[in-house]
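# next comes the sequence, and after it the predicted model I'd like to discuss.
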Amino acid sequence: MALGHSALLSLLLRDPRTAASQSGEAVRLGQEHGFLMDFPAVYLHGRALAQLGQIEEGLSEMLRWQTYAKTTGHDPAYYISVGIAEAYLAASRPREGLEAVSEGLEMVQRTGTRIFEAEMRRLKGELLLMGDQSTVVEAARCFGDAIEVARRQGAKWLELRATMSLARLLTKQGRRNKARTMLTEIYNWFTEGFDTADLKEAKALLDELAT
């Protein structure tokens, strides 16, 4: 369990290599002691693999855990949908990614478990942008919804991620000043963690918008 929680934290920090090592060891221990599927190490390992570019193998592991959880009465889609949609986004498979997000958001409404709601809404926006121009307005709305959800929850990290997605879209639309203003506001809230992937990415985007 400790290795599983450590792997989840590494994934949140966007450090899939460490997450793969931690979750891989958890999977090994689960196999050794006969309780491999009793906790989501398989899902975490699959998500780490997908982030490392082994998308099909990672998806296979995540879908395997999702199927097991459903058939044994678990209700895990509120967090599993995030990893699956993320992998489909990386694989440029928007239809399947949107199906995963829809399942996760349906569970959010049904159970009231909203821990990753903002990220699901952000991923929905990114997946919609893989479609034609008619999806741009809806994608922008998804990013805005993700920002509002994150603000209500006080989830500044998720607010930052959603703001970056919206800022990139605004930049493509020629609205650089608005993009820079909104990203600067959330970026300046942080006082630590500037060596993490998300804050490095936000700084790079701000530098780009300043030129």
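Looks like it arrived, so ask away.

# contacts and neighbour counts: CA atoms only from here.
Fine.

# gap between L129 and L205?
19 Å (CA to CA, to the nearest Å).

# quick one: the strands in this protein, in order.
Counting by DSSP state E, the chain has no strands to list.

# helices along that one, start to end?
2-12, 16-33, 41-51, 55-71, 77-90, 94-111, 117-128, 136-153, 156-172, 176-187, 197-210 (DSSP state H).

# hey, C-alpha coordinates of the second one in CSV?
Only the C-alpha atoms of helix 16-33 are listed here, as CSV (Å, rounded to 0.1, in the frame of the first residue of the first chain):
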residue,chain,number,x,y,z
PRO,A,16,6.4,8.4,-14.4
ARG,A,17,9.8,6.7,-14.2
THR,A,18,9.8,6.7,-10.4
ALA,A,19,6.1,5.8,-10.4
ALA,A,20,6.7,2.8,-12.7
SER,A,21,9.5,1.6,-10.3
GLN,A,22,7.3,2.0,-7.2
SER,A,23,4.2,0.5,-8.7
GLY,A,24,6.1,-2.3,-10.4
GLU,A,25,7.5,-3.4,-7.0
ALA,A,26,4.0,-3.2,-5.6
VAL,A,27,2.8,-5.5,-8.4
ARG,A,28,5.6,-7.9,-7.7
LEU,A,29,4.7,-8.0,-4.0
GLY,A,30,1.1,-8.5,-4.8
GLN,A,31,1.9,-11.4,-7.1
GLU,A,32,4.2,-12.9,-4.5
HIS,A,33,1.6,-12.8,-1.7
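
# now the helices of the chain as CSV including mean neighbour count?
What follows is the helices of the chain, written out as CSV (neighbours: other CA atoms under 10 Å):
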stretch, mean neighbour count
helix 2-12, 19
helix 16-33, 19
helix 41-51, 28
helix 55-71, 18
helix 77-90, 24
helix 94-111, 18
helix 117-128, 26
helix 136-153, 19
helix 156-172, 22
helix 176-187, 18
helix 197-210, 15
